[in-house]
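> everything below, folded, please.
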Amino acid sequence: MEPPVRHSEFVDLSAIDAQRITAESMPHHLPGTPQALPLLPQVQDVMVQLFSHHSTAEPILVPAVVEPLLVLVLAGTARVEERCLGGVWKTVKVQAGDFFLTNTSEPYEMRWQTMGCDTFEVMHLYLGLPLIDQAARDVLGEHTVPVTFLDVSGAQDERVNFMLNQLRFELIEERKPSLLFIHSLAQALTVHLIRRYLDPKRATRRSNALQAYKLRRVIDAMNEHLADEFRLAHLAHIAGLSEYHFSRMFKRATGLAPSQYFIRLRMSRARHLLLETDRSIIDVGLDVGYSSPSHFSQVFHREVGVTPSAYRQA
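From the prediction side, this is the model:
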C-alpha cells in the first residue's frame, strides 16, 4: 500500500513560516507525555525525544519543523489519521517497528486511536540540516542542490528500524554513550534516507535554489559573525547576487529566510554554550549578538520553547 503523503495544494504558503518551530519546542505542541530522559550527551545535528501517547479524538495541528523528523513506533498499536490543511483524512494502522518520515514545509493535522492498549510509545529523531547536506554531497556529488525527503506514513524499513533502535539504546541504555558511535549511526541513517526516500519532484522544483557551494559559504560567514548584526547585503555579496534574488534562492535552498536561518544558528550556538559551559546567561547572550538579556531571553523562548535558564536546568 502506498503510504499517505502530507503535501497540500490548499495551504496559504504566505502564512506557513510563522508556524515553523524548532525541534526542541515540538513537545509543547503534542498531547502525549514526553518521557523523562537521562542527561544525554550533546550530539551535533541529532535530537531524540520519547513520547507515550493516549488516544486523541480531536485533531492536533502539527507545526512544520525545519529539520526532517523520523518517528519510530516502539510499542503498541494505533490507527493514525493525517490530513493536510483543508484536505481529506488518510488512515494508516501502525504497530511497533513502523516509522514515519516528515519533511513537509506545511503544518498538518493528526489524530489517533490506540488499539488493544491504553497507550502507544514512539521515538522522535530530528536530523540537522548540516548533517543532511554533508550526506547529500557524499551520495549525490559535491554540487548537488539541497535535498528534500518524501513524506512517509506507517512504513516498514529494516534499516531504519535497526539504526533508530541502536541510537535509542546507545543514548539511553549505555552508561557512557559514545558520541562517535551516535554520530556515525546518524550519518549512516541519513545516507540511507537519501538513497531511498529522496523526493525527486521537490528536488526538481528546488533546482533554482542557491547552489550548495554558495550556500556553504554564506552559512560559514553567518557562523563567523553570530555576535554581529545581521547584514543581508554582505551575505548577498558573498553569493554574488542581488539582495532580492539571494533571499529568494536562499529560502528555496533551506526553507527559511536568511534572517530566520541566522537566528536559528544563534540559538544553536546559545544552546551549546548553555549546556557545555558555565558562562553566565548574560555572557551567552552577548556571544550570540544580544546585548539585552531580556531580548535574548525573549528570542530564545520563542525559538526553543523555554527560557535560557530553564533550558540550562533541564
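
> which residue is nearest the middle of this structure?
Closest residue to the average C-alpha location of the chain: Glu67 at 2.1 Å, with Cα atoms, centre = their mean.

> any idea how far Asp45 is from that residue?
In this structure, Glu67 and Asp45 are separated by 8 Å, where distance is defined by Cβ to Cβ, to the nearest Å. (C-beta placed from N, C-alpha, C; glycine too.)

> intersection of neighbour lists for the two?
Residues touching both Glu67 and Asp45 comprise 127-129, with contact defined as Cβ atoms under 8 Å, 6 or more residues apart in numbering.

> could those go into CSV alongside neighbour count, secondary structure and distance to Arg83?
Compiled in CSV, those are given as follows (neighbours: other Cβ atoms under 10 Å; DSSP: H, G, I helix; E, B strand; the rest coil; distance: Cβ to Cβ, whole Å):
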residue, neighbour count, secondary structure, distance to Arg83
Leu127, 23, strand, 25
Gly128, 20, coil, 28
Leu129, 20, helix, 27
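
> of those residues, closest to Met267?
Looking at these and their distance to Met267, the nearest is Gly128, at 12.7 Å (Cβ to Cβ).

> settle this for me: the closest one is touching Val46, isn't it.
Yes: with contact taken as Cβ atoms under 8 Å, Gly128 and Val46 are classed as touching, separated by 7.1 Å.

> what ranges does the stretch 151-300 of the chain have for its strands?
152-155 (DSSP state E, counting those that start in this stretch).

> circling back to that earlier point, surely the residue nearest to the centre of the chain and Leu129 touch.
Yes: A contact is recorded between Glu67 and Leu129 when judged using Cβ under 8 Å, the distance being 6.5 Å.

> tell me the strands in the stretch 1-150 of the chain, going along the chain?
Per DSSP E, counting those that start in this stretch, the stretch 1-150 of the chain has strands spanning 33-34, 46-53, 56-62, 69-75, 77-84, 90-95, 99-102, 108-114, 120-127. These are given in chain order.

> kindly reformat those as JSON lines containing mean pLDDT and distance to Thr307.
Converted to JSON lines, these look like this (pLDDT from 0 to 100; distance: least, Cβ to Cβ, whole Å):
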{"stretch": "strand 33-34", "mean pLDDT": "72", "distance to Thr307": "18"}
{"stretch": "strand 46-53", "mean pLDDT": "87", "distance to Thr307": "19"}
{"stretch": "strand 56-62", "mean pLDDT": "84", "distance to Thr307": "24"}
{"stretch": "strand 69-75", "mean pLDDT": "94", "distance to Thr307": "24"}
{"stretch": "strand 77-84", "mean pLDDT": "92", "distance to Thr307": "32"}
{"stretch": "strand 90-95", "mean pLDDT": "94", "distance to Thr307": "35"}
{"stretch": "strand 99-102", "mean pLDDT": "94", "distance to Thr307": "28"}
{"stretch": "strand 108-114", "mean pLDDT": "91", "distance to Thr307": "28"}
{"stretch": "strand 120-127", "mean pLDDT": "92", "distance to Thr307": "21"}
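
> make JSON lines out of the ones you listed and add distance to His237.
Formatted as JSON lines, the entries for the strands of the stretch 1-150 of the chain read as follows, by distance: least, Cβ to Cβ, whole Å:
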{"stretch": "strand 33-34", "distance to His237": "44"}
{"stretch": "strand 46-53", "distance to His237": "33"}
{"stretch": "strand 56-62", "distance to His237": "38"}
{"stretch": "strand 69-75", "distance to His237": "35"}
{"stretch": "strand 77-84", "distance to His237": "39"}
{"stretch": "strand 90-95", "distance to His237": "46"}
{"stretch": "strand 99-102", "distance to His237": "35"}
{"stretch": "strand 108-114", "distance to His237": "38"}
{"stretch": "strand 120-127", "distance to His237": "31"}
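
> please name the nearest non-neighbouring residue to Thr119.
Taking Cβ to Cβ, 6 or more residues apart in numbering, and ignoring the residues beside it in sequence, Thr119 has Ser52 as its nearest neighbour in space, at 4.9 Å.
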